[in-house]
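> the following block contains a protein sequence and its predicted model.
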Amino acid sequence: MQVKLFYKTQRELAVSLNEIVDAYWNNELNEETLFKMVHDVYINNPNKVLKDSEFTTVLKQQSGKRRLEVIERIIKMDMNSVQ
């Protein structure tokens with residue numbers, strides 16, 4: 001699975017994150033790969049993922065609650081490891 005590091009639009013980013021989480025749920029990715037891919041996408045596109053400490057509206061509309069729960073936990077793990 002190929003994932004770009006930089007996205008032009010929030011919609012493209014949402015599709016990519018959805019594919020990553022779905023691949024994990026379908027046992028196509030292990031946890032380590034899931035964490036790395038979500039981390040890499042977030043680090044290179046933080047303004048397209050979060051706005052005022054919340055997911056952007058486009059991401060909320062495109063991804064759904066369950067996927068965003070997974071993404072949020074990974075992002076929080078990243079933030080805690082930085083501090």
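That came through fine.
> against residue 80, how distant is residue 16?
Residue 16 sits at a distance of 24 Å from residue 80 (criterion: C-beta to C-beta, to the nearest Å). Using the backbone N, CA and C atoms, a C-beta is placed for each residue, glycine as well.
> please apply the same query to residue 69.
Relative to residue 80, residue 69 is positioned 17 Å away (criterion: C-beta to C-beta).
> do residue 43 as well
Applying C-beta to C-beta, the value for residue 43 to residue 80 is 15 Å.
> what about residue 16 and residue 80, which has more around it?
residue 16 (19 against 8; other C-beta atoms under 10 Å).
> once you drop chain neighbours, what's closest to the more buried one?
Closest residue in space to residue 16, ignoring its immediate chain neighbours: residue 3 at 5.8 Å, by C-beta to C-beta, 6 or more residues apart in numbering.
> next up, the contacts around that neighbour.
For residue 3, the contact set (C-beta atoms under 8 Å, 6 or more residues apart in numbering) comprises 16, 20, 37, 40-41.
> what's the pLDDT at it?
Confidence per residue is given as pLDDT, and for residue 3 that number is 86.
> what does residue 66 give?
Predicted confidence (pLDDT) at residue 66: the value is 97.
> give me the neighbour count for it.
As a burial measure, the neighbour count of residue 66 was computed by other C-beta under 10 Å and equals 10.
> re the thing from before, just the buried subset of the contacts of residue 3, written out for PyMOL, thanks.
Buried members of the contacts of residue 3, identified by 16 or more other C-beta atoms under 10 Å, are gathered into one PyMOL selection as follows:
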select buried, resi 16+20+37+41
